[in-house]
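1. Mind folding the following:
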Amino acid sequence: MLKIFFSAYIIFFLCSCGNDNNFIPKPVGYLRLDLPAHSYKSFDTTYPYRFDYSRHARVVEDTERNKEIYWINIEYPEYKAKIYLSYKTVDDNLGRYIEDAHTFINKHIPKASTISESTIIKPGKRVFGTIYNIEGIGAASPLQFYLTDSTKKFIRGALYFNAKPNNDSLAPVIDYIKKDVERFIESFEWKKAGNQ
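-> Below you'll find the model as predicted:
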């Protein structure tokens, strides 16, 4: 009886160790994000500009060492994302600020597969500028823009994530924040000197 049991065990063991050539590895999976519906509130303080921003974000003063007056950040803590906004007063140096914005964009060329730009022209609000969409898996900033009144005021914005750049997996969040930036630009207004 013991020999039969032992023989059955050996046969079962040998049959279960077959060579399965049909193994297919599972693809890499990414976390599924349930993004909230877009809703906005107004940033209207003593700063020389006003705009709408997402209710799911917060506006905080920039704390960088080299910060200047009226520099702020729009933070998305849940997504580890931040839009850095740096404001400058124009004094016959608008060309230099625009060239600086181009320089920051050009730093992304080695990692970008595509950089597309759209011109912003809103003469009724005296808001002019350019928005840059930077595509590529390793691009550190997928979106940058600048706005100016063309004579006295200039603001530059750049979206960054506090994570290793992998824009394929970040694509849903990038698209979500791009819609918020579109609303930011659409609602953006310069304040008159007396309203600051």
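
2. Spell out for me which residue occupies the centre of the protein.
-> Centroid-nearest residue in the chain: L159, 4.0 Å away (criterion: CA atoms, centre = their mean).

3. Shouldn't that one be within a strand?
-> Yes: counting by DSSP: H, G, I helix; E, B strand; the rest coil, L159 falls inside a strand.

4. isn't it right up against Y176?
-> No: using CB atoms under 8 Å, L159 makes no contact with Y176, being 11.1 Å away. Heads up, the C-betas are built off the backbone N, CA and C, glycines and all.

5. separation between R50 and F184?
-> Computed with CB to CB, to the nearest Å, the distance linking R50 and F184 is 11 Å.

6. Have a look at the two and say which one is more surrounded.
-> F184 (22 against 15; other CB atoms under 10 Å).

7. So for F51, what's the nearest residue that isn't a sequence neighbour?
-> Distances taken as CB to CB, 6 or more residues apart in numbering put F188 closest to F51, at 4.6 Å, once the chain neighbours are dropped.

8. What about D44, how many residues nearby?
-> Other residues lying near D44 total 13 when counted by other CB under 10 Å.

9. ok, now how distant is it from Y53?
-> D44 sits 11 Å away from Y53, going by CB to CB.

10. rewinding a little: distance of the residue nearest to the centre of the chain from Y132?
-> When L159 is compared with Y132 (using CB to CB), they lie 10 Å apart.

11. Equivalent analysis for D168, please.
-> Taking CB to CB as the measure, D168 falls 19 Å from Y132.

12. Would you mind telling me which of those two has the busier surroundings?
-> Neighbours around D168 and Y132, counted as other CB under 10 Å, are more numerous at Y132. The numbers are 21 against 11.

13. ok, the more buried one touching Q144?
-> Yes: here Y132 lies in contact with Q144, judged by CB under 8 Å, at a distance of 4.8 Å.
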